[in-house]
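Engineer: Dropping a prediction and its sequence here:
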Amino acid sequence: MAVFKPENVEDFYEIGDVLGSGHFGQVRRVCERASGTCWAAKFLKIRKSACSRLGLERSGVEQEVEILQAIQHPNIVTLKDVFESRAEVVLILELVSGGELFDFIAEKENLLESEAIEFMKQILEGLGFMHSKNIAHFDLKPENIMLSDKVSPHPDIKLIDFGLAHRFHQGEEYRSTSGTPQYIAPEVINNEALSTAADILSGLSPFQDETDEETLKNIIALNYEFDAQSFSMTSSMAKDFIQKLLLQSPRSNRCFCLFQPITRKQAA
Ligand SMILES: Cc1ccc2c(c1)c1c3c(c(C)cc1n2CCCN)C(=O)NC3=O
């Protein structure tokens, strides 16, 4: 069993604002008392007993820590430290202060194809590195693709949130139905054996429908369409690239990014 620092995280870090929250707990900005450097702290509530339904299994948190320790890459958030109290584990993570890529694109008048290519390149470099170590993210979605900072003209991509990630071992079969409906692969919906090919990338899901059930049916049937207005300025090369990657079989290499200049409201 992995052992994390038993000290009180507040002895080493000043706890700041909430940056986000989820089923796992909260992510907060923290500043290291000794250096003044700021980090992101992910506070994870741990189940107190096997029959408890509240909180996360400690084994799942251990897997997230092991995976983050195994992947050091410029396009993947780094893990600095791990603290543990009686009912909580705290991951001290690289603070990526550029916000979500989705918002960066939505706030721009329009995204040049050359900019989209650069973002795609960095996302694929991070993803390719993970996959080279037989690690799949399993929750790739716009919210988990962030930017290093808000000041540089060409911020770096940072993949975050490895709470659903899995490291495949030789000969192992792994199934899971976790993930976010409009961004999951057909084999996840069908509860089939998974691989790193299930890490499908999309900015605006072309499968999204009125309900999760309809969305899942669209994914299985590969039933999608590209909004003509949104793609009016997209080159035929880019459309051809996306079309070629929208393949149902997990044995083909597929990922697609639809960085369309849309607002969150439109995507909702
Ligand atoms: C400036 C800022 C704002 C919100 C943040 C983060 C940083 C952030 C971070 C992380 C996670 C897992 C979630 C985060 N969230 C929650 C929302 C993520 N889409 C993380 O690992 N490093 C972050 O900076």
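Structural biologist: All right, it came through fine.
Engineer: which SS class is the residue in the stretch 1-150 of the chain that the ligand sits nearest to?
Structural biologist: Nearest residue of the stretch 1-150 of the chain to the ligand: G20, at 2.4 Å (C-beta to the nearest ligand atom). In this view, the C-beta of every residue, glycine as well, is placed from N, C-alpha and C. Using DSSP: H, G, I helix; E, B strand; the rest coil, the structure places G20 in strand.
Engineer: contacting residues around it?
Structural biologist: Contacts of G20 were listed using C-beta atoms under 8 Å, 6 or more residues apart in numbering, and they are 26-27.
Engineer: So what pairs up with it in the strands?
Structural biologist: V27 (DSSP bridges).
Engineer: what sits up against the longest helix along the chain?
Structural biologist: Looking across the chain with DSSP state H, the single longest helix is helix 113-132. Defining contact as C-beta under 8 Å, 6+ apart, one finds that helix 113-132 is touched by 71, 73-76, 101, 136-137, 140, 145, 154, 156-159, 165, 196, 199, 201, 234-235, 238, 255, 257, 259.
Engineer: hey, where'd the helices end up in the stretch 1-150 of the chain?
Structural biologist: 58-70, 101-106, 113-132 (DSSP state H, counting those that start in this stretch).
Engineer: any idea which of these is most buried?
Structural biologist: Per residue and on average, the most neighbours among these fall to helix 101-106, with a mean of 20 (mean count of other C-beta atoms under 10 Å).
Engineer: so what does that one touch, helix or strand wise?
Structural biologist: Packing partners of helix 101-106 (3 or more C-beta pairs under 8 Å, 6 or more residues apart in numbering; DSSP states H and E): strand 145-147, helix 264-267.
Engineer: How far away from the center of its chain is it?
Structural biologist: 15 Å (C-alpha atoms, centre = their mean, to the nearest Å).
Engineer: The spatially closest residue to V65 that is not a sequence neighbour bridge partners, please.
Structural biologist: For V65, ignoring the flanking residues on the chain, the nearest one in space by C-beta to C-beta, 6 or more residues apart in numbering is V82 at 5.6 Å. Using DSSP bridges, the beta-bridge partners of V82 come out as L91.
Engineer: can you count the residues close to V82?
Structural biologist: 23 (other C-beta atoms under 10 Å).
Engineer: again with the one 5 residues further on
Structural biologist: A87 sits with 13 neighbouring residues when counted by other C-beta under 10 Å.
Engineer: same check, this time on K5
Structural biologist: Neighbours of K5 (other C-beta under 10 Å): 14.
Engineer: Report the contact partners of the residue nearest to it when sequence neighbours are not counted.
Structural biologist: Of all residues not flanking K5 in the chain, F83 sits nearest, at 4.7 Å (C-beta to C-beta, 6+ apart). The contact partners of F83, by C-beta under 8 Å, 6+ apart, come to 4-9, 12, 89-90, 92.
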